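1. this is the structure alone, sequence omitted:
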């Protein structure tokens with residue numbers, strides 16, 4: 001009898017625990033094209049958000065969070081780094097990251113910078129070549 005009651009409670013919770021309109025409310029489904037840089041990450045959040053990074057022992061660790069308004073669809077992400085010079089920004093480096101899942105709007109990882117200067121990081125979806133967002137930053 002206890003087993004049947006427990007099963008009924010679990011079934012009710014499973015089917016009615018979250019209303020469809022709550023699960024798909026516009027506030028939960030709104031994503032923006034945005035690249036965030038910082039000193040670390042916790043879950044899906046960048047901590048120590050900054051645009052200036054200090055080199056320690058010759059390099060700076062830069063954590064990034066790329067958010068896309070459109071579902072990334074499992075696309076690999078390239079973080080393209082351009083360096084600011086007298087004539088504007090010029091290609092400097094890039095790192096490609098494999099997406100660990102086949103859906104989603106957010107991806108996080110990190111890269112290291114050993115050069116000092118002013119830079120622009122851009123998150124690019126490799127499946128369609130779309131540049132999602134860019135962020136200027138400097139390394140001291």
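-> Thanks, I have it. Quantities reported herein were computed from a predicted structural model and do not represent experimental measurements. Numbering: from 1, shown residues only.
2. so residue 55 versus residue 91, what's the distance?
-> 21 Å (Cβ to Cβ, to the nearest Å). Bear in mind the C-beta positions are built from the backbone N, C-alpha and C, glycine included.
3. neighbour-wise, which of the two wins?
-> residue 55 (15 against 9; other Cβ atoms under 10 Å).
4. need the contact list for residue 105.
-> 31, 67-72 (Cβ atoms under 8 Å, 6 or more residues apart in numbering).
5. just the pLDDT at it, thanks.
-> pLDDT, the model's per-residue confidence, is 96 for residue 105.
6. what about this protein, any weak spots by pLDDT?
-> 1-29 (pLDDT under 70).
7. now do the helices in it.
-> 2-16, 20-23, 26-29 (DSSP state H).
8. how about the residue lying closest to residue 118 once chain neighbours are set aside, what does it touch?
-> Counting by Cβ to Cβ, 6 or more residues apart in numbering, residue 118 lies nearest to residue 84, which is 4.0 Å off, once chain neighbours are set aside. With contacts defined as Cβ under 8 Å, 6+ apart, residue 84 is in contact with 117-120.
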